[in-house]
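Visitor: model the structure of this input:
(2 chains)
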Amino acid sequence: AQKVTQAQTEISVVEKEDVTLDCVYETRDTTYYLFWYKQPPSGELVFLIRRNSFDEQNEISGRYSWNFQKSTSSFNFTITASQVVDSAVYFCALSEAYSSASKIIFGSGTRLSIRP
Amino acid sequence: NAGVTQTPKFQVLKTGQSMTLQCAQDMNHEYMSWYRQDPGMGLRLIHYSVGAGITDQGEVPNGYNVSRSTTEDFPLRLLSAAPSQTSVYFCASSPERAGYHEQYFGPGTRLTVT
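Guide: Residues are numbered from 1 along each chain as shown, chains lettered A, B, ... in the order given. All right, here's what the predicted structure looks like:
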(Lines give C-alpha, C1' and ligand atoms only; values in the text may rest on other atoms or scores of the structure.)
Protein backbone atom coordinates (compact mmCIF):
# COMPACT_ATOMS: atom_id res chain seq x y z
CA ALA A 1 0.00 0.00 0.00
CA GLN A 2 1.17 3.52 -0.66
CA LYS A 3 1.87 5.93 2.16
CA VAL A 4 3.30 9.40 2.54
CA THR A 5 4.76 10.65 5.80
CA GLN A 6 5.48 14.28 6.60
CA ALA A 7 6.84 14.03 10.10
CA GLN A 8 7.19 17.78 10.59
CA THR A 9 3.78 19.04 11.62
CA GLU A 10 4.82 22.67 12.02
CA ILE A 11 7.97 24.63 11.29
CA SER A 12 8.64 28.24 12.18
CA VAL A 13 11.68 30.16 10.95
CA VAL A 14 12.76 33.74 10.64
CA GLU A 15 12.63 35.36 7.24
CA LYS A 16 15.68 34.75 5.04
CA GLU A 17 16.52 31.47 6.72
CA ASP A 18 16.66 28.31 4.63
CA VAL A 19 14.15 25.61 5.51
CA THR A 20 13.72 21.99 4.41
CA LEU A 21 10.44 20.13 4.47
CA ASP A 22 10.77 16.37 4.69
CA CYS A 23 8.72 13.80 2.82
CA VAL A 24 9.12 10.04 3.09
CA TYR A 25 7.03 7.68 1.00
CA GLU A 26 6.24 4.00 0.76
CA THR A 27 5.25 2.16 -2.37
CA ARG A 28 5.62 -1.30 -3.88
CA ASP A 29 5.61 -0.01 -7.44
CA THR A 30 8.77 0.73 -9.37
CA THR A 31 7.00 3.42 -11.36
CA TYR A 32 5.38 6.20 -9.40
CA TYR A 33 4.99 9.95 -9.23
CA LEU A 34 5.67 12.39 -6.45
CA PHE A 35 4.18 15.83 -5.98
CA TRP A 36 4.40 18.89 -3.80
CA TYR A 37 1.43 21.22 -3.34
CA LYS A 38 1.23 24.49 -1.46
CA GLN A 39 -1.86 25.66 0.43
CA PRO A 40 -1.55 29.35 1.40
CA PRO A 41 -3.81 30.88 4.07
CA SER A 42 -6.39 31.65 1.38
CA GLY A 43 -7.04 27.91 1.17
CA GLU A 44 -6.50 27.02 -2.47
CA LEU A 45 -4.14 24.23 -3.47
CA VAL A 46 -1.25 25.26 -5.69
CA PHE A 47 0.75 22.70 -7.66
CA LEU A 48 4.52 23.08 -7.22
CA ILE A 49 6.24 20.09 -8.79
CA ARG A 50 5.76 16.57 -10.17
CA ARG A 51 8.57 14.04 -10.36
CA ASN A 52 8.52 10.51 -11.74
CA SER A 53 10.43 7.66 -10.15
CA PHE A 54 12.90 7.35 -13.00
CA ASP A 55 14.12 10.89 -12.72
CA GLU A 56 16.29 11.33 -9.65
CA GLN A 57 17.81 14.56 -10.82
CA ASN A 58 17.34 17.30 -8.30
CA GLU A 59 15.38 20.30 -9.45
CA ILE A 60 15.72 23.99 -8.71
CA SER A 61 13.15 26.64 -9.43
CA GLY A 62 14.15 30.02 -8.12
CA ARG A 63 14.33 29.77 -4.32
CA TYR A 64 12.73 26.32 -4.36
CA SER A 65 14.64 23.07 -4.76
CA TRP A 66 13.72 19.43 -4.48
CA ASN A 67 15.94 16.51 -3.49
CA PHE A 68 14.64 13.12 -4.64
CA GLN A 69 16.46 10.09 -3.22
CA LYS A 70 15.06 6.67 -4.07
CA SER A 71 17.55 4.96 -1.76
CA THR A 72 15.89 6.58 1.25
CA SER A 73 12.41 6.95 -0.29
CA SER A 74 12.50 10.66 0.30
CA PHE A 75 11.46 13.70 -1.69
CA ASN A 76 12.46 16.73 0.34
CA PHE A 77 11.68 20.34 -0.44
CA THR A 78 13.98 23.23 0.42
CA ILE A 79 13.16 26.91 0.40
CA THR A 80 16.21 29.14 0.28
CA ALA A 81 16.10 32.64 1.77
CA SER A 82 12.52 32.17 2.96
CA GLN A 83 10.00 34.97 2.70
CA VAL A 84 6.80 35.72 4.58
CA VAL A 85 4.82 34.83 1.44
CA ASP A 86 6.14 31.28 1.76
CA SER A 87 3.98 30.82 4.86
CA ALA A 88 1.58 28.02 3.99
CA VAL A 89 0.79 24.36 4.49
CA TYR A 90 2.83 22.18 2.17
CA PHE A 91 1.68 18.74 1.09
CA CYS A 92 3.73 15.94 -0.40
CA ALA A 93 1.79 13.35 -2.44
CA LEU A 94 2.37 10.03 -4.19
CA SER A 95 0.68 8.25 -7.08
CA GLU A 96 1.47 4.74 -8.26
CA ALA A 97 1.57 4.62 -12.04
CA TYR A 98 -0.10 1.26 -12.46
CA SER A 99 -2.55 1.46 -9.63
CA SER A 100 -6.01 0.51 -10.77
CA ALA A 101 -7.33 3.05 -8.32
CA SER A 102 -5.72 5.88 -10.22
CA LYS A 103 -5.38 8.01 -7.14
CA ILE A 104 -3.02 10.33 -5.34
CA ILE A 105 -2.26 9.85 -1.65
CA PHE A 106 -1.37 12.96 0.30
CA GLY A 107 0.76 13.35 3.40
CA SER A 108 -0.68 15.12 6.41
CA GLY A 109 1.09 18.36 5.54
CA THR A 110 3.66 20.64 7.13
CA ARG A 111 2.58 24.08 8.28
CA LEU A 112 5.39 26.53 7.58
CA SER A 113 5.41 29.92 9.28
CA ILE A 114 7.92 32.54 8.23
CA ARG A 115 8.38 35.26 10.85
CA PRO A 116 9.43 38.72 9.67
CA ASN B 1 -11.28 29.98 -18.36
CA ALA B 2 -13.00 29.14 -15.06
CA GLY B 3 -11.05 25.92 -14.34
CA VAL B 4 -12.63 23.92 -11.51
CA THR B 5 -15.58 25.53 -9.75
CA GLN B 6 -17.30 24.41 -6.59
CA THR B 7 -20.56 25.51 -5.02
CA PRO B 8 -21.42 26.42 -2.37
CA LYS B 9 -18.33 27.89 -0.66
CA PHE B 10 -19.84 27.47 2.80
CA GLN B 11 -22.65 25.30 4.08
CA VAL B 12 -24.12 24.50 7.47
CA LEU B 13 -26.26 21.38 7.80
CA LYS B 14 -28.10 19.73 10.64
CA THR B 15 -27.47 16.09 11.42
CA GLY B 16 -29.53 13.89 9.13
CA GLN B 17 -29.96 16.42 6.35
CA SER B 18 -28.83 15.61 2.84
CA MET B 19 -27.22 17.87 0.31
CA THR B 20 -25.18 17.93 -2.88
CA LEU B 21 -21.84 19.65 -3.32
CA GLN B 22 -21.43 20.76 -6.89
CA CYS B 23 -18.24 20.52 -8.92
CA ALA B 24 -17.73 21.51 -12.54
CA GLN B 25 -14.71 21.86 -14.80
CA ASP B 26 -14.44 23.41 -18.23
CA MET B 27 -11.12 21.89 -19.29
CA ASN B 28 -12.58 18.68 -20.78
CA HIS B 29 -10.70 16.61 -18.21
CA GLU B 30 -11.53 12.92 -17.99
CA TYR B 31 -10.41 12.44 -14.41
CA MET B 32 -12.19 14.02 -11.46
CA SER B 33 -11.90 13.43 -7.74
CA TRP B 34 -13.35 14.50 -4.42
CA TYR B 35 -11.17 14.94 -1.34
CA ARG B 36 -11.87 15.98 2.20
CA GLN B 37 -9.36 17.90 4.29
CA ASP B 38 -9.34 17.58 8.04
CA PRO B 39 -6.84 19.16 10.46
CA GLY B 40 -3.66 17.10 10.74
CA MET B 41 -4.83 14.53 8.20
CA GLY B 42 -4.02 16.04 4.85
CA LEU B 43 -6.36 15.33 1.97
CA ARG B 44 -8.17 12.03 1.80
CA LEU B 45 -9.76 10.70 -1.36
CA ILE B 46 -13.53 10.13 -1.13
CA HIS B 47 -14.54 9.13 -4.65
CA TYR B 48 -13.09 9.52 -8.09
CA SER B 49 -14.13 9.15 -11.72
CA VAL B 50 -12.06 8.20 -14.76
CA GLY B 51 -14.70 9.36 -17.21
CA ALA B 52 -18.40 9.96 -17.72
CA GLY B 53 -20.40 7.07 -16.35
CA ILE B 54 -17.48 5.58 -14.38
CA THR B 55 -16.92 6.18 -10.67
CA ASP B 56 -15.08 4.37 -7.92
CA GLN B 57 -14.42 4.61 -4.20
CA GLY B 58 -11.41 6.19 -2.59
CA GLU B 59 -10.14 5.92 0.97
CA VAL B 60 -13.16 7.30 2.82
CA PRO B 61 -16.32 6.74 0.74
CA ASN B 62 -18.83 5.92 3.48
CA GLY B 63 -21.69 8.39 3.73
CA TYR B 64 -21.06 9.87 0.29
CA ASN B 65 -22.41 9.17 -3.15
CA VAL B 66 -21.27 10.36 -6.57
CA SER B 67 -22.31 10.13 -10.19
CA ARG B 68 -20.75 11.34 -13.42
CA SER B 69 -23.32 11.82 -16.14
CA THR B 70 -21.24 14.36 -18.07
CA THR B 71 -17.53 15.06 -18.48
CA GLU B 72 -17.96 18.49 -16.91
CA ASP B 73 -19.83 17.73 -13.69
CA PHE B 74 -19.04 15.55 -10.69
CA PRO B 75 -21.45 16.19 -7.80
CA LEU B 76 -20.89 14.78 -4.32
CA ARG B 77 -23.96 13.82 -2.33
CA LEU B 78 -24.13 13.54 1.43
CA LEU B 79 -26.92 11.09 2.10
CA SER B 80 -27.51 11.79 5.81
CA ALA B 81 -25.09 14.35 7.21
CA ALA B 82 -23.20 13.55 10.40
CA PRO B 83 -20.93 15.79 12.54
CA SER B 84 -17.99 13.61 11.44
CA GLN B 85 -18.50 14.96 7.93
CA THR B 86 -17.61 18.48 9.05
CA SER B 87 -14.65 19.23 6.80
CA VAL B 88 -13.37 21.17 3.84
CA TYR B 89 -14.16 19.44 0.56
CA PHE B 90 -12.05 19.83 -2.55
CA CYS B 91 -12.88 18.75 -6.06
CA ALA B 92 -10.05 18.16 -8.52
CA SER B 93 -9.68 17.32 -12.18
CA SER B 94 -6.86 16.08 -14.38
CA PRO B 95 -6.45 15.46 -18.10
CA GLU B 96 -4.81 12.10 -17.44
CA ARG B 97 -4.95 9.46 -14.77
CA ALA B 98 -3.78 10.60 -11.37
CA GLY B 99 -0.02 10.88 -11.29
CA TYR B 100 0.61 11.37 -14.98
CA HIS B 101 -0.33 15.01 -14.64
CA GLU B 102 -0.95 17.54 -11.92
CA GLN B 103 -4.44 17.81 -10.53
CA TYR B 104 -6.32 21.08 -10.73
CA PHE B 105 -8.22 21.86 -7.56
CA GLY B 106 -11.34 23.86 -6.97
CA PRO B 107 -11.49 26.52 -4.23
CA GLY B 108 -13.13 24.18 -1.73
CA THR B 109 -16.41 23.97 0.17
CA ARG B 110 -16.37 24.38 3.94
CA LEU B 111 -19.10 22.21 5.43
CA THR B 112 -20.22 22.26 9.04
CA VAL B 113 -22.64 19.66 10.36
CA THR B 114 -24.27 20.48 13.71
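
Visitor: residue B:61 versus residue B:48, what's the distance?
Guide: Distance of residue B:48 to residue B:61, computed by C-beta to C-beta, to the nearest Å: 10 Å. Placement of C-beta: from N, CA and C, glycine included.

Visitor: looking at those two, which is more packed in?
Guide: Taking neighbours as other C-beta atoms under 10 Å in any protein chain shown, residue B:48 and residue B:61 compare with residue B:48 leading, 27 against 16.

Visitor: can you list the strands that the helix or strand where residue A:66 lies pairs with?
Guide: In the assignment (DSSP states H and E), residue A:66 maps to strand A:64-69. Using DSSP bridges, strand A:64-69 pairs in its sheet with strand A:59-61 (antiparallel), strand A:74-79 (antiparallel).

Visitor: how about these in TSV, adding mean pLDDT?
Guide: Supplementary listing: those in TSV, determined by pLDDT from 0 to 100:
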stretch	mean pLDDT
strand A:59-61	88
strand A:74-79	97
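
Visitor: near chain B, which residues of chain A?
Guide: Within reach of chain B by C-beta under 8 Å from any C-beta of the partner chain, chain A has these residues: A:4, A:6, A:9, A:32-33, A:35, A:43-45, A:47, A:50, A:91, A:93, A:95-97, A:99, A:101-109.

Visitor: let's see which of these end up in strands.
Guide: A:4, A:32-33, A:35, A:47, A:50, A:91, A:93, A:95-96, A:105-106 (DSSP state E).

Visitor: mean neighbour count added to the strands paired with strand A:64-69, as CSV?
Guide: Formatted as CSV, the strands paired with strand A:64-69 follow (neighbours: other C-beta atoms under 10 Å in any protein chain shown):
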stretch, mean neighbour count
strand A:59-61, 10
strand A:74-79, 19
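
Visitor: just put the ones you listed in a markdown table and tack on distance to residue B:95.
Guide: Putting those into a markdown table (distance: least, C-beta to C-beta, whole Å) gives the following:
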| stretch | distance to residue B:95 |
| --- | --- |
| strand A:59-61 | 22 |
| strand A:74-79 | 23 |
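
Visitor: and of those, who's closest to residue A:15?
Guide: Closest to residue A:15 of those is strand A:74-79 (C-beta to C-beta; 11.0 Å).
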